[in-house]
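K.L.:
take a look and give me a structure for this.
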Amino acid sequence: MTGLKRGFFEGRFFVFLPMLSFVLVAGCAGSLFKAAGDGDVAAIKSLVASGEGINAFDGMIYLYTPLMAAAIKGKMDAVKTLLELGADPLAEDDDGFTAAKLARKRGHTEIADILAEAETKRRLEFGPSAPVARPPSNSPEDAEFALPPPQGFGP
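P.N.:
I've put the predicted structure just below:
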């Protein structure tokens with residue numbers, strides 16, 4: 001778990017709550033991530049049909065895909081639907097965890113087993129060089145998305 005997430009859950013970053021509320025309202029309400037986390041299969045199908053990115057990362061603190069959101073929340077039907085629609089079970093969050101590992105960490109063993117089987121099928125399909133989706137890094141290529149440093153800090 002990254003320091004930011006660990007600090008957030010240990011209660012050290014209360015200043016992020018207003019910013020997080022803004023991100024939740026501005027970026028995720030009604031999206032595929034919410035539908036996946038809620039287990040709303042009809043909304044998942046509708047959003048994917050309308051072009052919503054099934055393997056997109058949410059861009060928030062966790063950098064999860066919709067499949068990861070459904071797995072973490074224990075939404076079996078949503079997980080199955082997302083896999084049927086082409087969600088990548090090999091995608092990794094910013095800590096390198098797949099949806100199967102995240103589900104297992106949360107105690108959703110049936111979902112973790114289904115996802116592990118989907119991972120195996122994908123690896124067999126693509127071989128050892130199976131492509132793995134990862135969230136954007138803080139590399140120079142992503143610099144246009146970075147926030148400027150706060151005023152009054154640094155040299």
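K.L.:
what ranges do the helices span in the protein?
P.N.:
Remark: helices assigned in the chain by DSSP state H are 3-9, 16-23, 32-38, 41-49, 66-73, 76-84, 99-105, 109-126.
K.L.:
where in this structure is pLDDT low?
P.N.:
Within the chain, the stretches with pLDDT under 70 are 1-30, 60-62, 133, 135-155.
K.L.:
just the helices of the chain: most buried one?
P.N.:
Highest mean neighbour count among the helices of the chain (mean count of other CB atoms under 10 Å): helix 66-73, with a mean of 28. C-beta coordinates here come from the backbone N, C-alpha and C atoms, glycine included.
K.L.:
now for it, which elements pack on it?
P.N.:
Applying 3 or more CB pairs under 8 Å, 6 or more residues apart in numbering; DSSP states H and E, one finds that helix 66-73 contacts helix 32-38, helix 76-84, helix 99-105, helix 109-126.
K.L.:
got a markdown table for the ones you listed, with distance to Gly53 too?
P.N.:
Shown next, in a markdown table, are the helices and strands packed on helix 66-73 (distance: least, CB to CB, whole Å):
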| stretch | distance to Gly53 |
| --- | --- |
| helix 32-38 | 7 |
| helix 76-84 | 12 |
| helix 99-105 | 16 |
| helix 109-126 | 18 |
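K.L.:
still on that earlier bit, could I get the helices of the chain as a markdown table with distance to Gly59?
P.N.:
Shown next, in a markdown table, are the helices of the chain (distance: least, CB to CB, whole Å):
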| stretch | distance to Gly59 |
| --- | --- |
| helix 3-9 | 14 |
| helix 16-23 | 8 |
| helix 32-38 | 9 |
| helix 41-49 | 16 |
| helix 66-73 | 12 |
| helix 76-84 | 18 |
| helix 99-105 | 17 |
| helix 109-126 | 22 |
